[in-house]
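Novice: sequence first, then the predicted structure:
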There are 2 protein chains.
Amino acid sequence: MPRIKDAVPIIQKGLSEKKAIIVIGECSVDYVGRASSKLKLGDRIVIIKRDSSILVHRPRDYSPVNWQPPGCLFEIQSLNDFLSIKAVHKKSKETVNISFKRVYTLLVLDIFDTGEFTLYASEEDMQRCILSHPDIIESGLKVISYEKKIEPGFVDVYCLDSLNRLVVVEIKRRIAGIDAVMQLEKYLEAVRKYSNREVRGVLAAPGISRSVQKSLVALNIEFKPLSPKKCAELLRKTSESKSLEKYIT
Amino acid sequence: MPRIKDAVPIIQKGLSEKKAIIVIGECSVDYVGRASSKLKLGDRIVIIKRDSSILVHRPRDYSPVNWQPPGCLFEIQSLNDFLSIKAVHKKSKETVNISFKRVYTLLVLDIFDTGEFTLYASEEDMQRCILSHPDIIESGLKVISYEKKIEPGFVDVYCLDSLNRLVVVEIKRRIAGIDAVMQLEKYLEAVRKYSNREVRGVLAAPGISRSVQKSLVALNIEFKPLSPKKCAELLRKTSESKSLEKYIT
DNA sequence: GTTTCCATTTCGTCA
DNA sequence: TGACGAAGTGGAAAC
């Protein structure tokens, strides 16, 4: 249990050497920026990372109660027997002020991490899957383009079906809600304005909420069940490259 | 620098006593669940919280590289001189598997936090501000209701203007993008179906993106500049209670 | 830098 | 429990 006075120079030295720092103790936190907040006294875990971001974690919950993104300037000082850690984010004009009444643990960490991180079964995987295997949506489908800019946004996948009708495919990696339908409808309206061809809307997702089913019928949008994990598996089996360009026709 | 063999019982005891645990060391992480991921060897900070959530933090970045929400079961063991921490979330069928090659620091924390947290200048504050001072939007505006259920969702604030026209107000605490306009347009369409009265749409936000301005004109939606901080200030000055009920007429 | 949209989003709320 | 929308959302990609 380091004393407040001793903690100040240790933290300052750690910061100047761009090390990661963990402070655990009883503190209160004030935040002013886009919004503002006040957090009364309690035990927290404060992490200052090497990119000058800062997190204040409570003993519960996934998300930090206070934080600042990378790019902070820090002021460390002892004020009336309290350890004050002030993180100022100049760019976004935000400030987090932490005031420690007691410090239980202070760690200065010399840690490095260059380990590669790979995520599978993202929406992008679903898109790649459809681009390389358009039959998964519908037999005879031909991809024209993807991420095509249409008036206010991007169409996920843009196709022609076996009867030469335009098909706009909207992909969601989760149960699709009303927002997904609205997004697709927006694109459909835009495409119909540009083209006299018949235009179909297809929502590809692992599921749809019940209330959305009605909207689908009303708007004549089709639903195609498609799971992100199945897509990722299929991609793995067929060893598709990460590059998408080759699928454009 | 504790040895792997020593770490296992210490962590197990900490878990059984529902303490918070921090493990810092060189590890790799595998995740399987809604999606899946692989993270190669590197130094990380692992936090197991008292609600049985777990976070894996790299020395950079705001967000954890891997995590699990509250409600995990943990398996701690030593495997071939590696410390294995397996977090299984039964409910969501997700698993995070952490394999430590080396442990630099191991902390078992007896920390408690009941400190009250208050956030100011949220969208709810903006809504309260409009409800108690509807003139801030427009002189002569009368609030009919708020969070009113309209077919597919909830209208933020629902009013009558001085000419007895219906006014649907959509509130955003940030620069409003295309999604905000879409949402408002959705409500406008629904309200116009239900009522023969003239219906106006007002977007109250601190700003709008340039491309959205065009949509506003096309859809005949009005924009009212309104900052969340100004709203919070006004509420503070007039000491409005948190209760909203009294504003319904 | 602005805009758009995904995210293992998380979180809260309400029916 | 499902559904819907906010969040101090964060993060990335495109332009």
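Specialist: Thanks, I have the structure now. Residues are numbered from 1 along each chain as shown, chains lettered A, B, ... in the order given.
Novice: what residues does chain A put near DNA strand D?
Specialist: A:31, A:33-35, A:37, A:66-70, A:89, A:92, A:94, A:96, A:147, A:149, A:175, A:177-179, A:209-212 (C-beta under 7 Å from any atom of the strand). Just so you know, the C-beta spots here come from the backbone N, C-alpha and C atoms, and that holds for glycine as well.
Novice: among the residues you listed, which are in strands?
Specialist: A:Y31, A:S37, A:N66, A:W67, A:Q68, A:H89, A:E94, A:V96, A:E147, A:K149 (DSSP state E).
Novice: save those residues as TSV, and put in pLDDT and distance to DNA strand C too.
Specialist: Output for these, formatted as TSV (pLDDT from 0 to 100; distance: C-beta to the nearest atom of the strand, whole Å):
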residue	pLDDT	distance to DNA strand C
A:Y31	98	16
A:S37	98	13
A:N66	98	13
A:W67	98	13
A:Q68	98	17
A:H89	96	13
A:E94	97	15
A:V96	98	18
A:E147	71	9
A:K149	69	9
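Novice: quick check: the residue of chain A most remote from its centre vs A:K5, distance?
Specialist: Within chain A, A:N80 marks the point farthest from the mean C-alpha position, 40.5 Å out by C-alpha atoms, centre = their mean. Between A:N80 and A:K5 the computed distance is 12 Å (C-beta to C-beta, to the nearest Å).
Novice: circling back to that earlier point, what's the pLDDT at the residue farthest from the centre of chain A?
Specialist: Looking at A:N80, its pLDDT is 93.
Novice: quick one: residues contacting it.
Specialist: For A:N80, no contacting residues are found, by C-beta atoms under 8 Å, 6 or more residues apart in numbering or on different chains.
Novice: next, count neighbours for A:K237.
Specialist: By other C-beta atoms under 10 Å in any protein chain shown, 8 other residues sit near A:K237.
Novice: distance from stretch A:215-224 to the middle of the chain?
Specialist: 28 Å (C-alpha atoms, centre = their mean, to the nearest Å).
Novice: before we move on, what about stretch A:30-47?
Specialist: 23 Å.
Novice: export that stretch to PDB, keeping only CA atoms.
Specialist: Extracted C-alpha coordinates of stretch A:30-47, given in PDB (Å, rounded to 0.1, in the frame of the first residue of the first chain):
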ATOM      1  CA  ASP A  30     -15.300  13.700 -12.300                       C
ATOM      2  CA  TYR A  31     -15.700  13.900 -16.100                       C
ATOM      3  CA  VAL A  32     -16.400  16.900 -18.300                       C
ATOM      4  CA  GLY A  33     -16.600  16.800 -22.000                       C
ATOM      5  CA  ARG A  34     -19.200  15.800 -24.600                       C
ATOM      6  CA  ALA A  35     -21.300  15.100 -21.500                       C
ATOM      7  CA  SER A  36     -20.300  15.200 -17.800                       C
ATOM      8  CA  SER A  37     -20.500  12.800 -14.900                       C
ATOM      9  CA  LYS A  38     -19.800  12.500 -11.200                       C
ATOM     10  CA  LEU A  39     -18.800   9.300  -9.500                       C
ATOM     11  CA  LYS A  40     -18.600   9.200  -5.700                       C
ATOM     12  CA  LEU A  41     -16.000   7.400  -3.600                       C
ATOM     13  CA  GLY A  42     -15.400   3.700  -4.100                       C
ATOM     14  CA  ASP A  43     -12.800   1.100  -5.000                       C
ATOM     15  CA  ARG A  44     -11.700   1.100  -8.700                       C
ATOM     16  CA  ILE A  45      -9.100  -0.100 -11.100                       C
ATOM     17  CA  VAL A  46      -7.600   2.600 -13.200                       C
ATOM     18  CA  ILE A  47      -5.500   1.600 -16.200                       C
END
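Novice: pull out the buried positions in that stretch.
Specialist: A:31-33, A:35-39, A:41-47 (16 or more other C-beta atoms under 10 Å in any protein chain shown).
Novice: do that stretch and chain B meet?
Specialist: Yes: using C-beta under 8 Å from any C-beta of the partner chain, stretch A:30-47 reaches chain B at A:34-45, A:47.
Novice: quick check, central residue of chain A?
Specialist: For chain A, A:S122 is the residue whose C-alpha lies nearest the centre (C-alpha atoms, centre = their mean; 11.2 Å).
Novice: surely that one and A:R173 touch.
Specialist: Yes: counting by C-beta atoms under 8 Å, A:R173 is a contact partner of A:S122 at 6.6 Å.
Novice: pull up the overlap in contacts between the two.
Specialist: What both A:S122 and A:R173 touch, as defined by C-beta under 8 Å, 6+ apart, is the set A:P228, B:A35.
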